[in-house]
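Colleague: please find the sequence and the predicted model below.
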Amino acid sequence: MSTQLDAAPYFNIADPSFSLQSPEVRDARERGWYARTNYGIGILRYEEVSQLLMHPKLRQGSVKWPAHHGITSGPFAEWWSNWVLNKEGTDHRRLRKLLNPAFSRRLITGLVPRFRELAGELVDSFDEPDRCEFVSEFAEPYAARVIAIMLGLPEDEW
């Protein structure tokens, strides 16, 4: 017996070629608000995501990601469960209230020129012109240095 869920489009979001900007995803978004993925249901539209995130019975589930992959103890599982982005409910609201001033529009707008300059510096330092290992040569140093900038720490200590 087929269900409405079975009729939803399917995306393998772990596939390196998967793109949220693909014509297939855009088409799916036009036809419906969700799709099936190899990690569960994927919400395709902003309005529906907003509604779901506000629902008191919904759990985002990020905190359980390691356990879904067999990691139930150890340093990574402990770190993951304590990471601010994986907190929910009261803990999330408390931490967000503490962190919101550091991410104010006024503060971030003033730092945008430095963030752009940093991106240029990293691109210019790629081992090969016009190519890079994105995570190690750009994403990791960019994210860590942005945080250092925001916290007023020396960038060379990222």
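Modeller: Structure's in. What do you need?
Colleague: residue 144 against residue 158, yeah?
Modeller: Yes: Residue 144 lies in contact with residue 158 (Cβ atoms under 8 Å); the separation is 3.9 Å. All C-beta atoms are positioned from the backbone trio N, CA, C, and that covers glycine.
Colleague: tell me the contacts of the residue nearest the centre of the chain?
Modeller: Nearest residue to the geometric centre of the chain (Cα atoms, centre = their mean): residue 85, 9.1 Å. Residues near residue 85 by Cβ atoms under 8 Å, 6 or more residues apart in numbering: residue 62.
Colleague: quick check, residue 42 in a strand?
Modeller: Yes: counting by DSSP: H, G, I helix; E, B strand; the rest coil, residue 42 falls inside a strand.
Colleague: what about it, how many residues nearby?
Modeller: Residue 42 has 19 neighbouring residues, counting by other Cβ atoms under 10 Å.
Colleague: start the count at 839 instead of 1 going forward.
Modeller: New numbering, starting at 839: the last item is residue 880.
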